[in-house]
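Chemist: need the 3D shape of this:
(one chain, ligands or ions: 1)
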Amino acid sequence: MDITRKVLQVSGLNVKVTTDQGQLQLLHDIHFDLNEGQILGLVGESGCGKSITCHSLLQLMDQHTIVEGSIQLGGRELNGLDPKEMRRIRGKEIGFIRQNPMNAFTPVYSIGNQFIETIRTHCKLSKKEAYELAAVSLEKVNLPKPYEILKMYPFQLSGGMLQRVMIAMCMCLKPAVVIADEPTTALDMVNQLQVLTQLERLRSECGTTILLISHDLSVIAEMADEVIVMQHGKIVEQANVFELFDHPANAYTKKLLNARLQLPDPSNKQTVEYAVNF
Ligand SMILES: Nc1ncnc2c1ncn2[C@@H]1O[C@H](COP(=O)(O)OP(=O)(O)OP(=O)(O)O)[C@@H](O)[C@H]1O
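Modeler: Model prediction:
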């Protein structure tokens with residue numbers, strides 16, 4: 001008996017944008033399911049449509065865009081949902097961890113102010129209760145001295161710290177799904193590891209399902225259960241992470257895997273080979 005619960009079901013997703021040159025199709029017939037507690041990796045080279053996919057799921061596309069198809073969260077259709085209702089779903093039911101953490105925060109308000117505001121938008125808590133919950137969550141993502149962090153402004157925190165503040169917000173709201181769009185791209189190795197560890201905790205402790213977008217194949221190999229490969233707005237391959245890395249079926253997937261930086265063998269004095277020709 002299959003007991004896998006589908007949390008998010010995307011089918012026949014087409015995204016078109018109207019430009020001065022006419023209509024341009026950005027996504028072509030995208031289908032995938034996100035199962036409860038799963039980490040689904042989405043990979044592909046720059047411009048293949050990864051961010052458009054997550055913005056479409058979150059209904060964040062601008063008014064010149066046509067989003068066709070079905071996006072069902074727990075059986076409820078999101079495409080075309082009333083914007084006010086969609087605002088309630090974003091954050092509470094679908095969390096979003098953005099590529100550039102600095103853009104996710106308003107520079108003139110303290111972290112505490114924004115954290116508490118976010119919690120209270122979705123949960124019936126007093127300011128004091130929300131403040132305490134925020135401090136506990138910051139500690140859970142290994143941010144020491146949480147009360148001091150809550151008093152700080154976004155520019156006083158590093159990118160990695162801001163990413164962890166966003167993960168802490170998700171831990172408070174416990175959304176069914178988190179969409180993480182290149183969460184580690186702008187971070188050094190130490191911060192990358194901390195953010196990935198906390199994402200994994202979000203999944204293991206809160207049972208959150210994660211759509212992890214990255215062009216970094218090592219991040220995907222480490223984190224994902226299943227992987228989707230995109231090219232030119234289309235899914236070209238979807239497979240279990242081991243299957244995809246060990247036996248890629250599609251020619252583009254093979255090219256993507258081969259394009260990883262090939263470091264030289266130190267015993268051999270040959271030139272470093274960079275296979276980056278798409
Ligand atoms: N509003 C728009 N009008 C026209 N084209 C657009 C619009 N938004 C995005 N695009 C195009 O759609 C394609 C997909 O963009 P998207 O941002 O999803 O790429 P991506 O895979 O996330 O890339 P990256 O890894 O660099 O973030 C790109 O070619 C982009 O130029």
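Chemist: every contact and neighbour count from this point should use C-alpha atoms.
Modeler: Fine.
Chemist: residue contacts, the closest residue to the ligand within the stretch 151-278 of the chain?
Modeler: Among the residues of the stretch 151-278 of the chain, His215 lies closest to the ligand, at 6.2 Å counting by CA to the nearest ligand atom. Residues near His215 by CA atoms under 8 Å, 6 or more residues apart in numbering: Val43, Gly44, Glu45, Ser46, Glu182.
Chemist: now with 6 Å, please.
Modeler: His215 is in contact with Val43, Gly44, counting by CA atoms under 6 Å, 6 or more residues apart in numbering.
Chemist: low-confidence ranges in the protein?
Modeler: Residue ranges of the chain with pLDDT under 70: 1-3, 261-278.
Chemist: hey, where'd the helices end up in it?
Modeler: Secondary structure of the chain by DSSP state H: the helices cover 50-57, 83-92, 101-104, 111-122, 127-140, 146-151, 159-173, 189-206, 217-223, 241-246, 251-258.
Chemist: how about the residues of the stretch 51-200 of the chain near the ligand?
Modeler: Contact residues, the stretch 51-200 of the chain versus the ligand (CA under 6 Å from any ligand atom): Ser51, Ile52.
Chemist: let's see it at 8 Å
Modeler: Within the stretch 51-200 of the chain, the positions near the ligand by CA under 8 Å from any ligand atom are Ser51, Ile52, Thr53, Met61, Asp62, His64, Thr65, Glu182.
Chemist: enumerate every residue touching the one residue sitting closest to the centre of the chain.
Modeler: Nearest to the mean C-alpha position of the chain, by CA atoms, centre = their mean, lies Ala180 at 1.3 Å. Residues in contact with Ala180, defined by CA under 6 Å, 6+ apart, are Phe96, Ile97, Leu212.
Chemist: excluding sequence neighbours, find me the nearest residue to the second one.
Modeler: Read that as Ile97. Distance criterion CA to CA, 6 or more residues apart in numbering; nearest residue to Ile97, sequence neighbours excluded, is Ala180 at 4.6 Å.
Chemist: what is the one you found paired to in the beta sheet?
Modeler: When assigned by DSSP bridges, Ala180 has beta-bridge partners Ile97, Leu212.
Chemist: how near is it to Lys234?
Modeler: To Lys234, Ala180 is 20 Å away according to CA to CA, to the nearest Å.
Chemist: again, but for Pro154
Modeler: 36 Å.
Chemist: one more: Pro175?
Modeler: Counting by CA to CA - Pro175 and Lys234 are separated by 27 Å.
Chemist: same drill for the two, tell me which one is more crowded.
Modeler: Using other CA atoms under 10 Å as the criterion, Pro175 and Lys234 rank with Pro175 on top: 22 against 18.
Chemist: that one contacts Glu93, doesn't it?
Modeler: Yes. The criterion here is CA atoms under 6 Å, and Pro175 meets it with Glu93 at 4.2 Å.
Chemist: circling back to that earlier point, possible to save the helices of the chain as JSON lines with distance to Val15 and mean neighbour count?
Modeler: As requested, these are exported to JSON lines (distance: least, CA to CA, whole Å; neighbours: other CA atoms under 10 Å):
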{"stretch": "helix 50-57", "distance to Val15": "8", "mean neighbour count": "20"}
{"stretch": "helix 83-92", "distance to Val15": "18", "mean neighbour count": "16"}
{"stretch": "helix 101-104", "distance to Val15": "24", "mean neighbour count": "16"}
{"stretch": "helix 111-122", "distance to Val15": "29", "mean neighbour count": "19"}
{"stretch": "helix 127-140", "distance to Val15": "37", "mean neighbour count": "18"}
{"stretch": "helix 146-151", "distance to Val15": "39", "mean neighbour count": "17"}
{"stretch": "helix 159-173", "distance to Val15": "28", "mean neighbour count": "24"}
{"stretch": "helix 189-206", "distance to Val15": "29", "mean neighbour count": "17"}
{"stretch": "helix 217-223", "distance to Val15": "25", "mean neighbour count": "16"}
{"stretch": "helix 241-246", "distance to Val15": "26", "mean neighbour count": "16"}
{"stretch": "helix 251-258", "distance to Val15": "22", "mean neighbour count": "16"}
